[in-house]
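K.L.:
Make a model of this:
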Amino acid sequence: MKIVIVGLDEGLAGAGGDGHGLRWRALIQALARRGHRVVAVERRASTPNHPTPNASVTAPGVEWLSYDRWDVAAAMVARHADEAGLVLAVAQGCDGVAAAALARESRAERRVLHDPDAARSLAALARGEAPAHLPGDGRGGVALDGFDLVLASGGGPALERYRERAGAMAVAPLYPWIVPEAHRPADAKPVYLADLGCVAPPPGTARSGVERFFLNAARRLPRRRFLLSGDDPPETLDAPPNARTLPALDQPERAALLASATLALALARDDERSVGWCPSDRLFEAAACGAPIVADRWEGLDAFFEPGREILVASDTDDVTTGLMLPRAHLAELGRRARQRVLAEHSAERRAQELRALLDLKGGGDD
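P.N.:
Residues are numbered from 1 along each chain as shown. Here you go, the predicted structure:
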């Protein structure tokens, strides 16, 4: 089957980003290994001299179409979509809405939309607002009725909002995934040594969590070392002397930071916590790196990791400080189990299997 994927954006990968390009390349190659012909349409990064990731080298069964301007590429992309058994639009980046519109209007046998930021979408729909990254209805709302299936990065009861408030015909979860070849344990680095390390969510999206679970813990344990990596301006955090801040790091350096901390704090964004059932890339990446994790509590977390056996869960500051007192051998065992779980259930290979099952895709390979 010919599968056309539109809405990919090379500029979303890189330092401080969540590595969307890396993850999608792994998923695309997993589909190609199962006998599908995949045409991947990706906007080039606007950053001068932006390096093309090694993983983007064309693999058998994959054709990469890179472009600089959507208006120039749209006609060619439409021809591919019209010939496809499946066109999958990824609602992200500056061309996400245009790519979704093209997919919905195509003559492909199946038309599917993937929303990689379900928490933001579902929180906005609950407020009666229209998320800017989803196709609009021309009247200030969202229109998803032209797609055979909407795949969301979250799950749970809130998915009904896609049907009730955006007209989706069918909805299913397609949770974030990791790439085992890239997301793996790293060596510790002296520069990142800390008792509690945290790769923070995007700026301004989890300030209450940073205050409650990171800064308050640092104030209570002045002899312990705390390290936060993220793009929130350090001067706005009111960090105590034992808490150090760093800018956002690229993926290899994030892995080194996680390896250098006794315990890793995985914070959900405010909308992820309020919606529930929306695990983040950061959480799965920390688990894949084998880090012992303490996560703030949100509905559905125990469906992804078993509290107390694979992960620690914090409802307040005391839960974080108590976690830091646990024996290192116990914490290391938590990290080992979480890594086993994420490799088994949340890899690109696993998502390729789930996508094929959801869409009844026929091809080579055995899932």
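K.L.:
Relative to residue 89, how far out is residue 79?
P.N.:
Summarising the geometry, the distance separating residue 79 from residue 89, computed by C-beta to C-beta, to the nearest Å, is 16 Å. To be clear about C-beta, it is placed using only N, CA and C from the backbone, and glycine gets the same treatment.
K.L.:
between these two, which one's more packed in?
P.N.:
The neighbour comparison of residue 79 against residue 89 (other C-beta atoms under 10 Å) goes to residue 89, with 30 against 12.
K.L.:
Could you say which helix or strand holds the more buried one?
P.N.:
Secondary structure assigned from DSSP states H and E places residue 89 in strand 86-90.
K.L.:
What about residue 129, how many residues nearby?
P.N.:
Residue 129 is flanked by 14 other residues according to other C-beta under 10 Å.
K.L.:
And the helices in the stretch 101-250 of the chain?
P.N.:
118-126, 160-166, 207-209, 216-220 (DSSP state H, counting those that start in this stretch).
K.L.:
Report the mean per-residue pLDDT for the longest one.
P.N.:
This predicted structure assigns helix 118-126 an average pLDDT of 97.
K.L.:
And that helix, what's buried?
P.N.:
Of the residues in helix 118-126, those with enough neighbours to count as buried (16 or more other C-beta atoms under 10 Å) are 118, 119, 120, 121, 122, 123, 124, 125.
K.L.:
now swap in the second one and tell me
P.N.:
Applying a neighbour-count criterion of 16+ other C-beta under 10 Å, one finds 161, 162, 165, 166 buried in helix 160-166.
K.L.:
can you list the residues you listed in a markdown table and add pLDDT?
P.N.:
As requested, those are arranged in a markdown table below (pLDDT from 0 to 100):
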| residue | pLDDT |
| --- | --- |
| 161 | 97 |
| 162 | 97 |
| 165 | 95 |
| 166 | 96 |
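K.L.:
ok, those vs residue 101, which is closest?
P.N.:
residue 166 (14.5 Å; C-beta to C-beta).
K.L.:
who touches residue 285 in this structure?
P.N.:
The contact partners of residue 285, by C-beta atoms under 8 Å, 6 or more residues apart in numbering, come to 178, 183, 199, 251, 254.
K.L.:
swap in residue 252?
P.N.:
Under the criterion of C-beta under 8 Å, 6+ apart, the contact partners of residue 252 comprise residue 186.
K.L.:
Which SSE is immediately downstream of the one helix or strand residue 30 maps to?
P.N.:
With the criterion set as DSSP H and E, the secondary-structure element containing residue 30 is helix 20-33. Secondary structure here is assigned by DSSP H and E; on that basis, the next helix or strand after helix 20-33 toward the C-terminus is strand 37-43.
K.L.:
so residue 246 touches residue 229, yeah?
P.N.:
Yes. Under the criterion of C-beta atoms under 8 Å, residue 246 is in contact with residue 229, at a separation of 4.6 Å.
K.L.:
what's the overlap in contacts for those two?
P.N.:
Going by C-beta under 8 Å, 6+ apart, residues that sit against residue 246 and also against residue 229 are residue 257.
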